[in-house]
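Colleague: no sequence on this one, just coordinates:
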C-alpha cells in the first residue's frame, strides 16, 4: 500500500529564498540549516593553529545544524540561521 501524500513529511537541506518561502507556505515541513558563520570561523581558526605549528583539533569539526519548522522559524536563533547576512 502506498502512503498518501497527506501523511508525507518533506524535509529540505539548507536555506535560500525559495526553500524558506516553501517552509512558510507549508510546501516543506522542515529545513535542516547549517551554520555558515561557525563553518567560516572554525575553519579560519583551525588554519591559524596549523599555520602556527599547532596540531589539528580532530578529524571532524562539528559546526552544528538546526532544524527549522514553521513553528520556530520566527524565533531569533532560527532567524539568524535562515538570514545570516541580513
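Modeller: Looks like it came in fine. Just so we're clear, the structure is a prediction, and the values are computed from it rather than from any experiment.
Colleague: ok, and what's touching the helix or strand containing residue 78?
Modeller: In this structure, residue 78 is located in helix 76-82 according to DSSP states H and E. With contacts defined as Cβ atoms under 8 Å, 6 or more residues apart in numbering, helix 76-82 is touched by 15, 20, 31, 33-35, 66, 68, 72-73. The way it works is simple: take the backbone N, C-alpha and C, and place the C-beta from them, glycine included.
Colleague: List the buried residues for it?
Modeller: For helix 76-82, burial by neighbour count (16 or more other Cβ atoms under 10 Å) applies to 78, 81-82.
Colleague: Would you map the strands across the protein?
Modeller: Per DSSP state E, the chain carries strands over the ranges 11-13, 30-34, 65-69.
Colleague: Which residue lies nearest the spatial centre of this protein?
Modeller: Closest to where the C-alpha atoms of the chain average out (Cα atoms, centre = their mean) is residue 33, at 1.5 Å.
Colleague: Cross-check the contact I'm expecting between residue 32 and residue 10.
Modeller: No. Assessed by Cβ atoms under 8 Å, residue 32 is found out of contact with residue 10, at 11.8 Å.
Colleague: and residue 82, how far is that from residue 48?
Modeller: 29 Å (Cβ to Cβ, to the nearest Å).
Colleague: same check, this time on residue 57
Modeller: For residue 57, the distance to residue 48 (Cβ to Cβ) stands at 11 Å.
Colleague: anything in contact with each of these two?
Modeller: By Cβ under 8 Å, 6+ apart, no residue touches both residue 57 and residue 48.
Colleague: Can you tell me which of the contacts of helix 76-82 is nearest residue 52?
Modeller: Residue 52 has its nearest neighbour among these in residue 35, at 24.9 Å by Cβ to Cβ.
Colleague: Quick one: neighbours of that closest one, just the number.
Modeller: Close neighbours of residue 35, defined as other Cβ atoms under 10 Å, add up to 17.
Colleague: Identify the bridge partners of residue 30.
Modeller: Beta bridges link residue 30 to residue 11, residue 69, judged by DSSP bridges.
Colleague: Is it correct that it is in contact with residue 71?
Modeller: No. Between residue 30 and residue 71 there is no contact under Cβ under 8 Å: 9.6 Å.
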